[in-house]
Structure formats: C-alpha cells, structure tokens
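Visitor: Sharing a model that was predicted from the sequence below.
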Protein chains: 2
Amino acid sequence: MGGAWGISRTMAEVHALLYITGRAMNTDEIMDRLQISRGNASMSIRALLDWGIVSRSNRRGDRKDYFTADQDVWSMFRAIVRERMKREVEPLLAVLFEIRDQLPAADDADGETQGDLMDHQRRLDDMLAFFRTVEKLGQRFAGPTGSGLEAAARLLGRLP
Amino acid sequence: MGGAWGISRTMAEVHALLYITGRAMNTDEIMDRLQISRGNASMSIRALLDWGIVSRSNRRGDRKDYFTADQDVWSMFRAIVRERMKREVEPLLAVLFEIRDQLPAADDADGETQGDLMDHQRRLDDMLAFFRTVEKLGQRFAGPTGSGLEAAARLLGRLP
DNA sequence: GTATGGTTTCAATTATTTCTGAAATGAATG
DNA sequence: CATTCATTTCAGAAATAATTGAAACCATAC
C-alpha cells in the first residue's frame, strides 16, 4: 500500500504492524518484528505521529514509549485526507493563484495573441476551479467539523 | 504536482505543457521545450496515453505523431481516478480477500487466543469494508457510466 | 527491396529517496 | 549531579527510481 499513499515503505509497515496486531508496542519490539534500524523506526514512528494516525502512550514503571495505531479505519482515513490536503492541495492552490495573478492581462495583446491568452487563462481557471472544489470536498469530508467519509458511504445508497 | 499523483516528474511536465498550451505537439517539440531526451519523451508520452489523458493524432503530409492533452479537467481527473483504482485499489482488495481466506478459523483456538483472533479478523474486515466502499465510490464517480466528480461538486450545495 | 523518417526499447548512468548506525540529546532515578 | 536508559538526529551507505542515448525496430515512399 505504501507508495500509493505518499508514505514510505517502512512507515506503512510500522503502521500495518500496529494496526493489525492492535497492540501497543515500544520501539524495540517494532525494530525486532520488522528488522529495521533504530533510526528508521524512530523516524517512521515520528512521521506516523505527525500524520495523526498513531499515538504515544506510557506505562508506569517503564520508561519506554509505547505506540498504538488508531483503530477506526474511517477516522484514520480522515486524518490522511486532512494531512494530504494540507501538504498538497493547499500549496498547489497557492501556486495557481500566484500564477494567475502574474498573468498579463489579455487586453494588452492584440488579434490572435489575445485569443490565445484568453484560452490560456481559461485553462488555468478551470484547473483552479477544480482544485477549489477538491479542497471544499476535503474540508467537508475530512475537516474538523467534517462528518467523515461515512457520509459519502451513505450517499452510495441514494444519488442518481 | 507530480509526486503526489503517482506519476513521474517528467510525465507531469509533459502533460502540463500540453494542457496549458492547448496545442498539439510532436515529440521533437516536447523534447526541445522541456530539454529531455528522446527516450524519456517517448516513455512519458506513452504513459500519458496509457492513462488516457493525452491522445495521439496525425497531420497529412507529416509522418510525425502529434499529441494533445484532454482539455476538460473533470474528464481528465476521472481518467486518473479510474486508472488509480485499477492499479492500486483493485489489487489491494484482491490481497485483502486472499489474506482473509487464509486466516485460521477462530473456533480452532481457545480462550484468550480466540479473542485475539476475533479482534484481528474484525480489523481486517473493517479495512476490507473500507476499501470496498472506496471502490464503489470510485466506480460511481469515475467509472464508465459515472457521472463524474461534477456530481460530487453539486453535492456541496446540498448535504447535511 | 531498400532508403528514409520516425518511434520504441533497454542497458548503463545519474539522481533521488530511504535506511543505517553511531553520536548527541533528553529525561528519570538514586 | 552523575548515571542509566531511552529517543532523536544526521552524515554516509544502500536501495530505488528516473533519464539518457544509441541501437533496434517499424512503416511508408521510392
């Protein structure tokens, strides 16, 4: 599953291990089970914490950190969508807006060139509109107030 | 945009060039504009054709192949979703089913072990259910009969 | 059939990403 | 405050992925 989701192989493995076993594990256990280095384990866990799909906990009388994967697939996926929105869609939108603002006004040109510019601008605007819709959908489904993809699932029943 | 979409940098550049200029270009033009090798150009174009977001055409009196990008962002995105479903979600589902079928029956175990197995199986089933929903949503929105994401966009107006 | 103009393939190269391991840092304990 | 145990960082090594360029491969025209 890894590559496709914008996360590294090890990260995916660590998550899979935590999710599928359902247990809380410390770094050494994870290193052992997956045969990976301490550094790699630490970085992967950290990344999973950043994505918000794994959480840290402690046991009394034990100084080690323990990690657990979010056990609800839906909320897990919501976290992933939220994070990818923030990392990919938002910066992309920023760039698209910037480009549009720097575009020469069509009036300045003449004849054929003007037509080209207008076409050009239309394509840019189409793309902008598209990603704004994606952003809104994302907020709707994965945002803090979002009802989650479960709502989308329910839609499968109705709809044209 | 490249990385995030599961396509290589050059592929993304070729597509961007074709989409944003809106013109039909031949391989040499693309090589020139992007400063890439013939082999790379050929492979990227081929991949874009496979994804179904660029099409090939010819001009009479000219043996070169010309390429154009799909000019409709929505249909373009539908093609991408369709392709990623085929390449990622479907194989994943196949593996998940396979794993579930190979799982030992919970009855064979006893006591605590049995509880663990049941939990384990539940998590697997949750994940399966989730990806089946994703698959269905994908078919609904991007499949051959799909109404496209535009429908989803319209939903932004209604919905809870 | 063969010369010409064009496209595809692929082994070798180059670039990018990921992983390791040891050193630096931090945090609790006596 | 020094010791011990655990986590984080990061430069270099290893593994992956992308790119080149030249040779092999079409297809058409002559």
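Guide: Received the coordinates, thanks. Numbering: from 1, shown residues only, chains lettered A, B, ... in the order given.
Visitor: How confident was the prediction at residue A:44?
Guide: If you check residue A:44, the pLDDT there is 97.
Visitor: which element is the closest residue to DNA strand C within chain A on?
Guide: DNA strand C sits closest to residue A:39 of chain A, with a gap of 1.9 Å, by Cβ to the nearest atom of the strand. In short, each C-beta sits where N, CA and C put it, glycine included. Using DSSP states H and E, residue A:39 maps to helix A:38-51.
Visitor: Buried residues of that helix, list them for me.
Guide: By neighbour count with 16 or more other Cβ atoms under 10 Å in any protein chain shown, helix A:38-51 contains the buried residues A:40, A:41, A:43, A:44, A:45, A:47, A:48, A:51.
Visitor: by contact count, what packs against the helix or strand encompassing residue A:55?
Guide: Assigned by DSSP H and E, residue A:55 belongs to strand A:54-59. For strand A:54-59, the contact count by 3 or more Cβ pairs under 8 Å, 6 or more residues apart in numbering or on different chains; DSSP states H and E identifies helix A:9-21, helix A:38-51, strand A:62-69 as packing neighbours.
Visitor: Checking the longest one against chain B, do any of its residues make contact.
Guide: Meaning helix A:38-51. No. Judged by Cβ under 8 Å from any Cβ of the partner chain, helix A:38-51 makes no contact with chain B; its nearest approach is 14.8 Å.
Visitor: can you give me how far that helix is from the chain middle?
Guide: 16 Å (Cα atoms, centre = their mean, to the nearest Å).
Visitor: avg pLDDT for stretch A:66-81?
Guide: On average, stretch A:66-81 scores 92.
Visitor: Do me a favour and get the end-to-end distance for that stretch?
Guide: 25 Å (Cα to Cα, to the nearest Å).
Visitor: May I ask which helix or strand encompasses the residue nearest the centre of chain A?
Guide: Centroid-nearest residue in chain A: residue A:84, 2.1 Å away (criterion: Cα atoms, centre = their mean). Element membership of residue A:84 [criterion: DSSP H and E] is helix A:73-84.
Visitor: Against DNA strand D, how distant is the nearest residue to residue A:45 once chain neighbours are set aside?
Guide: Among residues not flanking residue A:45 along the chain, residue A:67 sits closest, at 5.8 Å (Cβ to Cβ, 6 or more residues apart in numbering or on different chains). Residue A:67 is 9 Å from DNA strand D, where distance means Cβ to the nearest atom of the strand, to the nearest Å.
Visitor: surely residue A:67 meets residue A:28?
Guide: No. Between residue A:67 and residue A:28 there is no contact under Cβ atoms under 8 Å: 11.6 Å.
Visitor: Between these two, which is the more surrounded one?
Guide: More neighbours surround residue A:67 than the other of residue A:67 and residue A:28, with 24 against 11 (other Cβ atoms under 10 Å in any protein chain shown).
Visitor: Could I get the contacting residues of that one?
Guide: Contact analysis of residue A:67 by Cβ atoms under 8 Å, 6 or more residues apart in numbering or on different chains lists A:18, A:24-27, A:30, A:45, A:48-49, A:54-57.
Visitor: A helix includes residue A:71, no?
Guide: No. Counting by DSSP: H, G, I helix; E, B strand; the rest coil, residue A:71 falls outside a helix, being coil.
Visitor: Quick one, grab the pLDDT at residue A:7.
Guide: pLDDT, residue A:7: 85.
Visitor: ugh, wrong one, residue A:145
Guide: 63.
Visitor: got it, and the one 3 residues further on?
Guide: Residue A:148 carries a pLDDT score of 56 in this model.
Visitor: Check residue A:15 too.
Guide: 96.
Visitor: So the helix holding residue A:39, near DNA strand D or not?
Guide: Yes. Judged by Cβ under 7 Å from any atom of the strand, helix A:38-51 and DNA strand D are in contact via A:38, A:39, A:42, A:43, A:45, A:46.
Visitor: Name the nearest residue to residue A:18, sequence neighbours excluded.
Guide: According to Cβ to Cβ, 6+ apart, the nearest residue to residue A:18 is residue A:69 (3.7 Å).
Visitor: Kindly report the same for residue A:124.
Guide: Counting by Cβ to Cβ, 6+ apart, the residue nearest residue A:124 is residue A:100, at 5.7 Å.
Visitor: any chance of the residues of helix A:38-51 next to DNA strand D in JSON lines, plus distance to residue B:79?
Guide: Below are these laid out as JSON lines (distance: Cβ to Cβ, whole Å):
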{"residue": "A:38", "distance to residue B:79": "44"}
{"residue": "A:39", "distance to residue B:79": "40"}
{"residue": "A:42", "distance to residue B:79": "40"}
{"residue": "A:43", "distance to residue B:79": "35"}
{"residue": "A:45", "distance to residue B:79": "37"}
{"residue": "A:46", "distance to residue B:79": "36"}
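Visitor: ok, those vs residue B:136, which is closest?
Guide: If you rank those by distance to residue B:136 using Cβ to Cβ, residue A:45 comes first, at 33.2 Å.
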